[in-house]
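> fold the following for me, if possible:
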Amino acid sequence: MFQPEIESMERKELTRLQNQRLKETVERVYHSVPFYRDKLKEAGLHPNTFNGLDELTKLPFTVKKDLRDHYPFGLFAVKQEEVVRLHASSGTKGKPTVVGYTRKDLDHWADVCARAIVAAGGRTGDVFHNAYGYGLFTGGLGMHYGAERLGVTTVPVSGGNRTRQALLIEDFRPRGIAGTPSFILSLGEAMIQAGKDPRATSVEYGIFGAEPWTEEMRQALEEMWDIHALDIYGLSEVIGPGVAIECWQAKDGLHIAEDHFLVEVIHPDTGEPVSDGELGELVFTTLTKEAIPVIRYRTGDLASVSREPCRCGRTHARMSRIKGRIDDMLIIRGVNVFPSEIEPVVLAQAELAPHYQLVVEREGGLDQLTVEVEVTEDYYDHIGRELEAGEQAEMLKKRFAHQLKDLLGLTSQVKLYAPGAIPRSEGKAVRIIDRRKLLNKQS
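All right, here's what the predicted structure looks like:
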């Protein structure tokens, strides 16, 4: 462990620390952020009488719209001269969400990312290949400073340019690698196409996140690279990467840095808390953030939480892998569909590659789901590269469509593509193409 005295803290002591820090956070936002002061007054709460964890559910929720409505600095709790770093979302759905960091915030961020690298199997002296995107996206710089805090040789390669990345991995011989799982998968494919074997590289562990991925994807990555593939979780509104990480010993839930982030799971519709182990929407309250603290931030991510200690010795709560995002959920003819539900079915087919997209269209008033997926190189050559009318390809489509119907309870179309036909992402994979939205705009 990077900070064993914190990561293995007794639950009673951890709760005491959280309670103290929650009260301090409420006091900070009440006196420094008008938005929160108004919300707390509406709820009948005041820092002088607030009872900490016992009154947690009385605190107001924060949602992404609140950050956009107060763009760019309306939710900041410190003066401008105390902010030493800004990050922001892409703003593809409107105004970007902007977050800031004081020097102490950056110190805490480096600490939790260093913890994450150690949990994944990293150690001082490693070479660490960081393929997360740099810039306003928090992934690259978050992992970068965590790696430097740990004392590893950090390679800030960022995303893209697979040929160059393969060369650097071959020459710099990293033990660790980080990036989105879809990009690292495509990087391995590029190496194989160039006659190189990812399994023969020096890489021993990978830290993958920024998009939901499944156990089946883990198996594919571990088989391709001969590594431990670990899931990391974070979001810029809370801090960035480092909120939670799997340990290489168990790979059984992501350890949440509970001394910095208070976690809840609520029912997405009612907002009421759900029991440990029950799926719901993750909600986080920052406990040490200075520049832009958030109270009960609704992430939109669906997961469950367990508070049982892990066999690795860490005692902080663990969250499950993300099932999906509420805003990524497709409703097709009354059925809820998440891309992460379909991925295991794709990866269970030996003939299919783990590159797919879900295309939703509306035909004659009815929604139609088409799963577009690539076949493997071996299968493509085996069937004589005939995908449109070949008998074997038709049998594969029918079998895959039947399994999808068993899983989803609705009929979907399947379209097979040649290897490399589906666009590769340099960052987060694009899994959903919802043409119904375009139709609505045109109408």
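> K415 sits in which helix or strand?
K415 belongs to strand 413-417 when assigned by DSSP states H and E.
> check the offset of that strand from the chain's centre.
How far strand 413-417 lies from its chain's middle: 27 Å, per CA atoms, centre = their mean, to the nearest Å.
> now do the buried residues in it.
Of the residues in strand 413-417, those scored as buried under the neighbour-count criterion (16 or more other CB atoms under 10 Å) are 414, 416-417. C-beta: built from backbone N, CA, C; applies to glycine.
> contacts for it, please.
Applying CB atoms under 8 Å, 6 or more residues apart in numbering, the contact partners of strand 413-417 are 368-375, 387, 393, 396-397, 400-401, 404.
> how about a cut-off of 7 Å?
Residues outside strand 413-417 that contact it (CB atoms under 7 Å, 6 or more residues apart in numbering) are 368, 370-375, 387, 393, 397, 400-401.
> can you check stretch 194-206 too?
Among residues not part of stretch 194-206, those counted as contacts by CB under 7 Å, 6+ apart are 120-122, 166, 169-170, 173-178, 184, 188, 191-192, 221, 224-230, 248.
> select the longest strand from this structure.
Among the segments of the chain that qualify as a strand by DSSP state E, the longest is strand 352-363.
> quick one: the strands in the stretch 151-300 of the chain?
Ranges of strands in the stretch 151-300 of the chain, per DSSP state E, counting those that start in this stretch, are 153-155, 176-179, 205-208, 228-235, 240-245, 254-256, 261-266, 280-286, 297-303.
> look up how far V294 lies from the closest residue to E281 other than its chain neighbours.
Ranked by CB to CB, 6 or more residues apart in numbering and with sequence neighbours excluded, the top spatial neighbour of E281 is P268, at 4.4 Å. Applying CB to CB, to the nearest Å, one obtains 18 Å for the distance of P268 from V294.
> those two: which has the busier surroundings?
The neighbour comparison of P268 against V294 (other CB atoms under 10 Å) goes to V294, with 25 against 15.
> isn't the more buried one right up against T286?
Yes: contact between V294 and T286 holds when scored by CB atoms under 7 Å: they sit 5.3 Å apart.
> who touches both of the two?
Shared contacts of V294 and T286, defined by CB under 7 Å, 6+ apart, comprise V238.
> next helix or strand past the strand holding K415?
Sequence-wise, the next helix or strand beyond strand 413-417 is strand 432-434, with elements assigned using DSSP H and E.
> looking at that next one now, give me its mean pLDDT.
Strand 432-434 carries an average pLDDT of 89.
> what packs against it?
strand 352-363 (3 or more CB pairs under 7 Å, 6 or more residues apart in numbering; DSSP states H and E).
> the strand it packs on versus strand 413-417: what angle between them?
Using axes from the mean of the first three to the mean of the last three CA atoms, to 10 degrees, the inter-axis angle of strand 352-363 relative to strand 413-417 is 130 degrees.
> contact partners for the residue lying closest to H129 once chain neighbours are set aside?
Nearest residue to H129 in three dimensions, chain neighbours excluded: P174, at 4.0 Å (CB to CB, 6+ apart). Contacts for P174 (CB under 7 Å, 6+ apart) come out as 127-129, 155, 202-203.
> how about 6 Å then?
For P174, the set of contacting residues under the criterion of CB atoms under 6 Å, 6 or more residues apart in numbering consists of 127-129, 203.
> again, but for P419
Residues counted as contacts of P419 (CB under 6 Å, 6+ apart) are 374, 377, 380.
> equivalent analysis for T154, please.
Applying CB under 6 Å, 6+ apart as the definition, the contact partners of T154 turn out to be 128, 144, 147-148.
> hang on, the earlier thing: and the contacts of P174, which is closest to K323?
Each of the contacts of P174 was scored against K323 by CB to CB, and V203 proved nearest at 28.0 Å.
> look up how far A116 lies from that closest one.
Using CB to CB, one gets 17 Å for the distance from V203 to A116.
> can you check G409 too?
When distance is defined by CB to CB, G409 is 38 Å away from A116.
> who's in contact with E278?
Applying CB under 6 Å, 6+ apart to E278 gives the contacts S304.
> same question for the one 10 residues further on.
For T288, the contacting residues are 108, 260, taking CB under 6 Å, 6+ apart as the criterion.
> show me the helices in the protein, by range?
Remark: helices of the chain, listed N- to C-terminal, are 4-7, 11-32, 34-42, 64-69, 103-119, 138-150, 162-172, 181-193, 215-225, 339-347, 377-382, 391-408, 435-442; assignment by DSSP state H.
> what residues of the third one count as buried?
By 16+ other CB under 10 Å, the buried positions in helix 34-42 come out as 35-36, 39-40.
> what is the rounded mean pLDDT of that helix?
Averaged across helix 34-42, pLDDT comes to 98.
> and stretch 32-46, how far out from the chain middle?
For stretch 32-46, the distance to the chain centre is 31 Å (CA atoms, centre = their mean).
> other residues contacting that stretch?
Under the contact criterion CB under 6 Å, 6+ apart, stretch 32-46 has outside partners 29-30, 58, 60, 75, 77.
> can you add distance to Q18, pLDDT and neighbour count and give the residues you listed back as JSON lines?
Formatted as JSON lines, the entries for those read as follows, by distance: CB to CB, whole Å; pLDDT from 0 to 100; neighbours: other CB atoms under 10 Å:
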{"residue": "V29", "distance to Q18": "16", "pLDDT": "98", "neighbour count": "24"}
{"residue": "Y30", "distance to Q18": "18", "pLDDT": "98", "neighbour count": "21"}
{"residue": "K58", "distance to Q18": "16", "pLDDT": "98", "neighbour count": "13"}
{"residue": "P60", "distance to Q18": "19", "pLDDT": "97", "neighbour count": "15"}
{"residue": "L75", "distance to Q18": "22", "pLDDT": "98", "neighbour count": "26"}
{"residue": "A77", "distance to Q18": "19", "pLDDT": "98", "neighbour count": "20"}
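> can you list the domains in the protein?
1-325, 329-442 (automatic domain parsing).
> point out the most buried one among these.
domain 1-325 (a mean of 19; mean count of other CB atoms under 10 Å).
> so how far is P339 from the residue nearest to I332 when sequence neighbours are not counted?
Taking CB to CB, 6+ apart as the measure, I332 lies nearest to D367, with 4.7 Å between them; neighbours along the chain are not counted. Remark: distance between D367 and P339 (CB to CB) = 16 Å.
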